[in-house]
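Asks: model this:
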Amino acid sequence: MVPYFAICYFAGLRPDSEARALRFEHIDWKEGHIKVDVTKTNDGPNRYVEIEKPLRAWLRSWMRRKGPIVPDNFAKRRRRLIYGYYTTPGATLADEAKWKQLVPWGHDITRHSYDSYWEAANRGKAGSRERIMSNMGHRDFKTQECTEPGGG
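Replies: This next block holds a predicted model:
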């Protein structure tokens, strides 16, 4: 699950659609980008997200892999991780309501984190607003501002 989470945290892909459909063949190491061909609306063109140094370091061990980035039992494992199953005392799979409510927007926590950290690191740099919008697949900055938990 490391490639999936690394790409979600360090490239901002939508975890339930874009990252889930991603294959190792979509990662172009020579050109330094990830081709995102499954988008939220499926009517937009492909987008290319830069592979920055931290993501390259995380994925180095998988550079020669082929196939999907997600493991076979992905859905169950991801749900348990992002909603706190492993850190909730007495949690059982049968009682998902007990642990899922701890992080109601957990499905998008990686994307929100990428957006926030990238924006903070690049605030004020020429072209940074346009670049983060492009990386995130947003058409305008108003959409970008709504990616924060509790946003409009």
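
Asks: Return the set of buried residues in stretch 62-77.
Replies: Under the neighbour-count criterion of 16 or more other C-beta atoms under 10 Å, stretch 62-77 has Pro68, Ile69, Val70 buried. No exception for glycine: its C-beta is placed from N, CA and C like everyone else's.

Asks: again, but for stretch 8-27
Replies: Buried residues in stretch 8-27, defined by neighbour count with 16+ other C-beta under 10 Å: 8-15, 18-22, 26-27.

Asks: Out of these, which is nearest to Gly124?
Replies: Distance ranking of the buried residues of stretch 8-27 against Gly124, using C-beta to C-beta, places Gly12 first at 19.6 Å.

Asks: Give me the nearest residue to that closest one, chain neighbours excluded.
Replies: Tyr114 (3.7 Å; C-beta to C-beta, 6 or more residues apart in numbering).

Asks: cool, and Met136?
Replies: Closest residue to Met136 apart from its sequence neighbours, by C-beta to C-beta, 6+ apart: Gly12 at 5.1 Å.
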